[in-house]
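In: my questions are about this predicted structure, shown below with the sequence.
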Amino acid sequence: MEDLNLLPLHHHNLLPLSNNPNTIRPQRKLKIYGVEEKLDIIDYAKIIGNRAAGREYNVAESSIREWRKNETKLRNQAENARSTQNPNLEKEAFHQKLYGALV
């Protein structure tokens, strides 16, 4: 194998992770994005474009396209999650309002 010090810097990324030539270095680390994160990236992509947003957030451009295609469903999921997050607060406010009306 060549001396690593003689290779240009960009060649270091091409080296295998092990001696096994079939080993491939992943380009992106797998990350699962939540609905709110996806919506933030969608909003950003609407301004600067899918490719630029993908570079900024390290997300595949195809993922952003898919998210934008499903934007309505994502927004509905986010709204449902917000409304079910604090159901006790809503009930408490309702009970206080009802109590105030009765007293």
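Out: Cool, the structure landed. Residues are numbered from 1 along each chain as shown.
In: other residues contacting the helix or strand hosting Ala81?
Out: Assigned by DSSP states H and E, Ala81 belongs to helix 71-85. For helix 71-85, the surrounding residues in contact (CB atoms under 8 Å, 6 or more residues apart in numbering) are 35-36, 38-39, 42, 67, 90. For every residue, glycine as well, the C-beta is placed using N, CA and C.
In: how does it look with 7 Å?
Out: With CB atoms under 7 Å, 6 or more residues apart in numbering as the test, helix 71-85 has contacts from 35-36, 38-39, 42, 67.
In: can you name the two of those residues that are farthest apart?
Out: Of all pairs drawn from these, the widest gap by CB to CB lies between Glu36 and Trp67 and measures 12.0 Å.
In: so between the two, which is more surrounded?
Out: More neighbours surround Trp67 than the other of Glu36 and Trp67, with 21 against 13 (other CB atoms under 10 Å).
In: just checking, the more buried one touches Asp40?
Out: No. With contact defined as CB atoms under 7 Å, Trp67 and Asp40 do not form a contacting pair (10.5 Å).
In: narrow the contacts of helix 71-85 to those in helices?
Out: With helices defined by DSSP state H, the entries of the contacts of helix 71-85 inside them are 35-36, 38-39, 42, 67.
In: ranges for the strands of this protein?
Out: Counting by DSSP state E, the chain forms no strands at all.
In: give me the below-cutoff pLDDT ranges for it.
Out: 1-21, 23-28, 86-90, 99, 102-103 (pLDDT under 70).
In: switch the cut-off to 90
Out: Where the chain drops to pLDDT under 90, the residues are 1-31, 81-103.
In: which residues in it form helices?
Out: 35-48, 50-57, 61-69, 71-85, 87-102.
In: which stretch among the ones you listed comes nearest Asn22?
Out: Of the helices of the chain, nearest to Asn22 by CB to CB is helix 61-69, at 25.0 Å.
In: pull the residues that contact that closest one.
Out: Outside helix 61-69, the residues that reach it (CB under 7 Å, 6+ apart) are 38, 41-42, 45, 50-51, 53-54, 74.
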